[in-house]
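A.B. asks: quick one, what's the 3D model for this:
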Amino acid sequence: MNWKKPLLATIGYTVITFVIAIIWHMVLFENLYLSWAYFGENPGFLFGFLSILTQGIILSFAYVFLKLSRWKFVGIAGLYHWTIHVLAFMAKAEAARNVGFFGLETFYLVIQFGLYGVIVGIIWKNK
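C.D. replies: Numbers count the residues shown, from 1 in each chain. Predicted coordinates:
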């Protein structure tokens, strides 16, 4: 197996996702996320980074083995991530049970997985 492409995709996913997560959650919409108790008093950036890195590894290596088009793969991965990210958080945090959180996080994930789809397309031009 050629490791270069999945490693590049992992790096791309990790960098893009971590950067937009920080900008989105802690700069652009920080007050909203604080009101929804999205982070605790002391956010664990290392754990967030490790989570994103692990996601990137799993997604990028899974893409190699699955016989799906890029957008089908990214769509399924994004939908799965949405259920465990948005719906699960809304189930746990009463303050986040509103249309604002639902819409903002859903749009964030569309951006995240849309960019990942672009990265996958650039790396695997011929798949």
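A.B. asks: and residue 85, what does it touch?
C.D. replies: Contacts of residue 85 were listed using Cβ atoms under 8 Å, 6 or more residues apart in numbering, and they are 105, 109. Placement of C-beta: from N, CA and C, glycine included.
A.B. asks: do a quick rundown of the strands in this protein.
C.D. replies: Applying DSSP state E to the chain gives no strands.
A.B. asks: residue contacts, the residue nearest to residue 61 when sequence neighbours are not counted?
C.D. replies: Nearest residue to residue 61 in three dimensions, chain neighbours excluded: residue 6, at 4.8 Å (Cβ to Cβ, 6 or more residues apart in numbering). For residue 6, the contact set (Cβ under 8 Å, 6+ apart) comprises 60, 61, 63, 64.
A.B. asks: which of those are buried? Put it as a ChimeraX command.
C.D. replies: In ChimeraX, a selection of the buried entries from the contacts of residue 6 looks like this (16 or more other Cβ atoms under 10 Å):
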select :60,61,63
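A.B. asks: sorry, back to before: any idea how far the residue nearest to residue 61 is from residue 83?
C.D. replies: Distance from residue 6 to residue 83, counting by Cβ to Cβ, to the nearest Å: 24 Å.
A.B. asks: rewinding a little: with pLDDT and distance to residue 1 added, can I get the contacts of residue 6 in JSON lines?
C.D. replies: Supplementary listing: the contacts of residue 6 in JSON lines, determined by pLDDT from 0 to 100; distance: Cβ to Cβ, whole Å:
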{"residue": "60", "pLDDT": "97", "distance to residue 1": "12"}
{"residue": "61", "pLDDT": "96", "distance to residue 1": "9"}
{"residue": "63", "pLDDT": "96", "distance to residue 1": "12"}
{"residue": "64", "pLDDT": "94", "distance to residue 1": "7"}
